[in-house]
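J.: Pasting the sequence and the predicted coordinates here, then a few questions.
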Amino acid sequence: MTDNPSSTLSSPSVNWQHWLERWDAQQTGYIPHREERFQTMLDVLEILLPENFAAIDLACGPGAISQRLLKRFPHAHCVAIDYDPVLLAIGQGVLGNMGDRLRWIEADLTQDAWLKQVGEIQVDAVLTTTALHWLPIDRLVHLYQKLGQILRPGGVFLNGDHLYFPPHLVTLRHVAKAVQTQQEEQAFSVRHQEDWQQWWEAIEQEAELKALLAERHRRFQPRFTEHEPTLVIHEAALQEAGFREVSTIWQRFDDRILLAVR
Ligand SMILES: C[S@@+](CC[C@H](N)C(=O)[O-])C[C@H]1O[C@@H](n2cnc3c(N)ncnc32)[C@H](O)[C@@H]1O
């Protein structure tokens, strides 16, 4: 594992901006209110934190949160962490280190080594979007314990993702799922936007990314499954990890922002 994926330096001819724009478009097909969700998360930081705060973008992909956060808060710093070498390369290729305000870490969040890579610091904020459902529930609970340690008292955790209704709320689960299906049909069947699979198939054609794509397959392919922890599990795990105020602050069916104050 390295702090700085070397890929971008060795593949200067890849059009990183192109892939980032396609990434954002593809993700917006699944989450039509994605930009509103990002900006709502950042609204919380503006209200609660000093101008020069330090944040972590957890499971950052190509730096989706980092780029928006550092643009909106010119005195803030951010550490962007992910395990996907391709997405990290895109993020690093477009954003670089944003004038020494952005540090990239390549690490598996199911293993504690990422904490050592971040260093002996406490941060003011940890943000994550559309990502933690990739982690098995025991790993998610463990990760929240670690976030309780790395965030300073008064610091904030924000998670924007599908945080599911519990199984006994059968009708609410049904409605949320149906809305999600309709949105995806509109995006991918009616408007013919590029979906996740098509995006990955397209980038697989980038000859210069062959080694990174192979490494990505090695890391993710054997174990990719989606997990569906309910909202209640997230809330309980965060309270258990020492967060004193935990609640949903924005919601479209089961797509929510969960805010937890350390
Ligand atoms: C759908 S993407 C979301 C990326 C970004 N947060 C966004 O909103 O565009 C999910 C991200 O979670 C990352 N991820 C999944 N499991 C991970 C793990 N064990 N460690 C680090 N990152 C992980 C993936 O590599 C991917 O970048």
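T.: Structure's in. What do you need? Residues are numbered from 1 along each chain as shown.

J.: Show me where the stretch 51-200 of the chain has its strands.
T.: 54-58, 77-82, 102-106, 123-129, 151-162 (DSSP state E, counting those that start in this stretch).

J.: elements contacting the longest one?
T.: Of the remaining helices and strands, those touching strand 151-162 by 3 or more CB pairs under 8 Å, 6 or more residues apart in numbering; DSSP states H and E are helix 34-48, strand 123-129, strand 255-261. Quick note: C-beta positions are derived from backbone N, CA and C, even for glycine.

J.: among the ones you listed, which is nearest R218?
T.: strand 123-129 (23.7 Å; CB to CB).

J.: partner residues bridging the nearest residue to A125 once chain neighbours are set aside?
T.: Excluding its sequence neighbours, the residue lying closest to A125 (CB to CB, 6 or more residues apart in numbering) is A55, at 4.2 Å. Beta bridges link A55 to C78, A125, judged by DSSP bridges.

J.: contacting residues for A55?
T.: L45, L69, A76, H77, C78, V79, V123, D124, A125, V126, L127 (CB atoms under 8 Å, 6 or more residues apart in numbering).

J.: Show me the two of the residues you listed that sit farthest apart.
T.: L45 and V79 (14.8 Å).

J.: now do the same end-to-end measure for stretch 236-251.
T.: 19 Å (CA to CA, to the nearest Å).

J.: Show me what counts as buried in that stretch.
T.: A237, L238, A241, F243, V246, W250 (16 or more other CB atoms under 10 Å).

J.: and the two most separated of those residues?
T.: Checking the buried residues of stretch 236-251 with CB to CB, the most distant pair is A241 and W250, at 21.5 Å.

J.: Which residues of this protein lie near the ligand?
T.: Contact residues, the chain versus the ligand (CB under 6 Å from any ligand atom): 27, 59-61, 64, 82-84, 87, 108-110, 129-131, 134.

J.: now with 8 Å?
T.: 23-24, 27, 34, 57-62, 64-65, 81-84, 87, 107-110, 114, 128-132, 134-135, 139, 160, 196, 220 (CB under 8 Å from any ligand atom).

J.: so what's I90 scoring on pLDDT?
T.: Model confidence at I90, given as pLDDT, is 98.

J.: Please name the spatially closest residue to it (chain neighbours excluded).
T.: Using CB to CB, 6+ apart, the nearest residue to I90 is P62, at 4.1 Å.

J.: same question, W19
T.: W19's closest residue in space is I90 (CB to CB, 6+ apart), at 4.9 Å.

J.: Show me the helices in the stretch 51-200 of the chain, by range?
T.: 64-72, 85-95, 113-118, 137-150, 170-184, 196-203 (DSSP state H, counting those that start in this stretch).

J.: among those, which is the most enclosed?
T.: helix 85-95 (a mean of 24; mean count of other CB atoms under 10 Å).

J.: Lovely, talk soon.
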